[in-house]
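**Student:** Need a 3D model of the sequence below.
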Amino acid sequence: MIAELVGQLPPEETQRAVGYPSLFLLVALGALVPVVPTGAVVSSAAVVAFHQPSPLALLFVFLVAAAAALSGDASLYWLGRRGVTSRGGSRWLDALRRRADPERLARAQETLREHRVGVLVVSRLVPAGRLPVMLACLLARMPLGRFVRGDAAAVLAWTATYQLIGVAGGSLFPHPWQGVAAAVALALLVGAVPRVWRWARSRAGRRAGRRRAA
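**Tutor:** Alright, predicted model coming up:
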């Protein structure tokens, strides 16, 4: 029944009825668990919106993606706070500890003491910087409302960045699928660089340790 109704809608209305809820779910899920490349999702949606006839399509993508990112961050922070305040902890807090790089966490805690909520604004723009800053806020027992206020500016800047990547991809290629491919590749590359850098540093550290031991 729902599929029949969706099939009767014009293409632009179909994109709104299916695309925007899917975008919200994927970005919110990606904020909770690291299985969805949310930056690539936002960039891809921006490419599709860029090729839509409606000038409001890009605005809708921006608003939906930002709301989803904020909802996901707030949910994850709330789950983490339950672990901080509980004697037994929680699997969400334990997962954050495992996923946050110790060096980045130490820097995030120091920066949080100096700049307080301001560190949240840049946390999402720095690759692999969101979780260490969130964990630092949790360990500092920052109230949920204060975290959400600071995170709101962060998700707006993050959404705008990845939407611009999508717009750039959409403007360079005549067909949407070409822009989507370019935007996804660039978004994944941005996310992969810090992981490769940490791996290279770790490998160099192990080699230096073996040389000193020898």
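**Student:** And stretch 98-106, end to end?
**Tutor:** 14 Å (C-alpha to C-alpha, to the nearest Å).
**Student:** how about that stretch: buried residues?
**Tutor:** Using 16 or more other C-beta atoms under 10 Å as the test for burial, stretch 98-106 gives 100-101, 104-105. From N, CA and C alone the C-beta is placed, and that goes for glycine too.
**Student:** Show me those residues that map onto helices.
**Tutor:** Among those, the ones falling in helices (DSSP state H) are 104-105.
**Student:** so where's the chain shaky on pLDDT?
**Tutor:** 1-18, 84-90, 117, 173-180, 182-214 (pLDDT under 70).
**Student:** go again using 50 as the cut-off
**Tutor:** 1-10, 14, 17 (pLDDT under 50).
**Student:** Could you dump the buried residues of stretch 98-106 into TSV and include distance to Val35?
**Tutor:** Formatted as TSV, the buried residues of stretch 98-106 follow (distance: C-beta to C-beta, whole Å):
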residue	distance to Val35
Ala100	17
Asp101	19
Arg104	21
Leu105	22
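**Student:** nearest to Val122, of the buried residues of stretch 98-106?
**Tutor:** Arg104 (12.8 Å; C-beta to C-beta).
**Student:** Let me know whether that closest one touches Arg130 as I believe.
**Tutor:** No: Arg104 sits out of contact with Arg130 when judged by C-beta atoms under 8 Å, with a separation of 10.2 Å.
**Student:** for the buried residues of stretch 98-106, which one is nearest Ala168?
**Tutor:** Using C-beta to C-beta, the buried residues of stretch 98-106 come closest to Ala168 at Arg104, 28.3 Å.
**Student:** what's the nearest residue to that closest one if we skip its chain neighbours?
**Tutor:** Nearest residue to Arg104, sequence neighbours excluded (C-beta to C-beta, 6 or more residues apart in numbering): Pro132, at 4.0 Å.
**Student:** And the one you found, how far from Ala45?
**Tutor:** 27 Å (C-beta to C-beta, to the nearest Å).
**Student:** So these two - more neighbours on which side?
**Tutor:** Taking neighbours as other C-beta atoms under 10 Å, Pro132 and Ala45 compare with Ala45 leading, 29 against 26.
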